[in-house]
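Undergrad: return atomic coordinates for the entry below.
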Amino acid sequence: MAISQRDLKLLWGRAASRCAVCRRELTQDTAATSATLLIGEHAHIVAEQEGGPRGHSILDSDQRNSYANLILLCPTDHAIIDADPAAFPIESLHDLKFRHELWVQQTLSEADGGRRFLGDDLVYTHIVDLAVRQCRLEDWESWTNAALYSEPRWDVTFPEEIENFRRDVVKAAWPVSETGHEFQRAVQTLAYVLHEAVQTFLDHADEADGAFTPRKFYKDQWYSQAEYKRRADIYEAWLYDCKILVLEATKAANWFGDVVRRDLNPAFFADKGRFVVTSSFINQGDTILLEYTAEERASLPSSFLLKRKRKRQQHRKWWEKLLTPVDDDLL
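TA: Predicted structure coming up:
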């Protein structure tokens, strides 16, 4: 199990983004690029793997990756501590972490006028953990590739996960803070776009072999050539819309990731990078990075919801056409 965003926020917040040994600041704001340079490392006290430094322990995987077993270090002190486990046993690292966090509470919290290190952010990091798990951010390129394939496939459990995520986002008790305003809009956009993508696909999909796949309704029965073409055109327009929504979701995921890195955790998906799609639907199978412009972000999620309301009205008209008998003599 990976380290949760909540545990990472606890670690960085209670350590005030400083090394527990040398107390060097571990992030550096780079105003020129509106980004944050991460120079800190969340180190395991008991190693993540049994064969690592101080790795022999009864702790299971979840416990090894929890806040209680993590300490924030600069790269130099991290290397020194792991190179000589005998000189830095488990008990001494726990004591080091405790004394550093106590120093933060007694020194830095008063010095900066009570600046919050945790507070509302823990609400946000809970949502981030939900997004990583329920939106399958770890497997983004894989599942989007399947959804953009010529014969799209959505895992049979994915729609329920997306619905649960949307519900969690809708009912979230959002803190009132300027910092969280863009985060809230970004995560709402991600939830709404993915939910719309799922629901649109399920309009004409059947379940088989653990996946939802398109139902080719233009082949439901024998039709005249003209009626067959009419239904096939509606099918292709629907399928195209389904794929466009997957691309829209990728834009939303990148906005979400940008805000999380800026406001909550500079290390969020730093090793994996941005969210991309790889599909011939876009450009001969190239890997494509999709992003919202600043102007688009400013109007979301309301602009998306309005656009989809109009599209849903169009979908209803398509469906009405499918249900309307056609007099072949007039075609």
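Undergrad: what residues does stretch 155-175 touch?
TA: The list of residues contacting stretch 155-175 from outside it, by CB atoms under 8 Å, 6 or more residues apart in numbering, reads 119-120, 123-124, 127, 130-131, 133-136, 143, 146, 180, 184, 187-188, 191-192, 194-195, 198-199, 202, 207, 210-212. (Glycine included, C-beta is placed from N, CA and C.)
Undergrad: repeat for stretch 61-76
TA: Residues outside stretch 61-76 that contact it (CB under 8 Å, 6+ apart): 1-4, 6-7, 10-12, 15, 17-22, 24, 26, 39-48, 57, 59, 81, 93, 96-97.
Undergrad: next, the buried residues of it.
TA: 64, 65, 66, 67, 69, 70, 71, 72, 73, 74 (16 or more other CB atoms under 10 Å).
Undergrad: now the residues you listed in TSV, with pLDDT and distance to residue 159?
TA: Shown next, in TSV, are the buried residues of stretch 61-76 (pLDDT from 0 to 100; distance: CB to CB, whole Å):
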residue	pLDDT	distance to residue 159
64	90	33
65	90	29
66	87	31
67	87	32
69	91	35
70	93	35
71	94	40
72	94	38
73	93	42
74	92	44
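Undergrad: that older thread, got a ChimeraX select line for the buried ones in the contacts of stretch 155-175?
TA: This is how ChimeraX selects the buried members of those, with burial counted by 16+ other CB under 10 Å:
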select :123,124,127,130,131,134,135,136,143,146,180,184,187,188,191,192,194,195,198,199,211,212
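Undergrad: tell me which of the contacts of stretch 155-175 fall in strands.
TA: 207, 211, 212 (DSSP state E).
Undergrad: which ones are touching the first one?
TA: It refers to residue 207. By CB under 8 Å, 6+ apart, the neighbours of residue 207 are residue 156.
Undergrad: residue 152 versus that one, what's the distance?
TA: Residue 207 sits at a distance of 13 Å from residue 152 (criterion: CB to CB, to the nearest Å).
Undergrad: ok, now the last one?
TA: In this structure, residue 212 lies at 8 Å from residue 152, with CB to CB as the measure.
Undergrad: pull the helix or strand with minimum mean pLDDT from the protein.
TA: Ranked by mean pLDDT, DSSP states H and E, the weakest helix or strand in the chain is strand 27-30, scoring a mean of 50.
Undergrad: quick revisit: distance to residue 276 and secondary structure added to the buried residues of stretch 61-76, as CSV?
TA: As requested, the buried residues of stretch 61-76 are exported to CSV (distance: CB to CB, whole Å; DSSP: H, G, I helix; E, B strand; the rest coil):
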residue, distance to residue 276, secondary structure
64, 31, helix
65, 27, coil
66, 31, coil
67, 31, helix
69, 33, helix
70, 30, strand
71, 33, strand
72, 30, strand
73, 31, strand
74, 31, coil
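Undergrad: show me the contacts for residue 128.
TA: 5, 6, 260, 264, 265, 268.
Undergrad: which residues in this protein form strands?
TA: So, for the chain - with DSSP E - the strands run 27-30, 35-38, 41-44, 70-73, 154-155, 205-208, 211-214, 276-278, 287-289.
Undergrad: so which of those strands is the most packed in?
TA: The highest mean neighbour count among the strands of the chain, using mean count of other CB atoms under 10 Å, belongs to strand 70-73: a mean of 25.
Undergrad: okay, now the sheet partners of it, with direction.
TA: strand 41-44 (antiparallel) (DSSP bridges).
Undergrad: the partner strand: how far from the chain's middle?
TA: Its chain's C-alpha centre lies 22 Å from the corresponding centre of strand 41-44 when counted by CA atoms, centre = their mean, to the nearest Å.
Undergrad: can you list contacts of that strand?
TA: 3, 8, 11-12, 52, 54, 64-65, 69-75, 78, 81-82, 267.
Undergrad: who's in contact with residue 104?
TA: Counted by CB under 8 Å, 6+ apart, residue 104 has contacts 14, 15, 16, 18, 117.
Undergrad: hang on, the first one packs against residue 101?
TA: Yes: taking contacts as CB atoms under 8 Å, residue 14 lies within contact range of residue 101: 4.7 Å.
Undergrad: and this protein, what are its domain boundaries?
TA: 5-111, 121-330 (automatic domain parsing).
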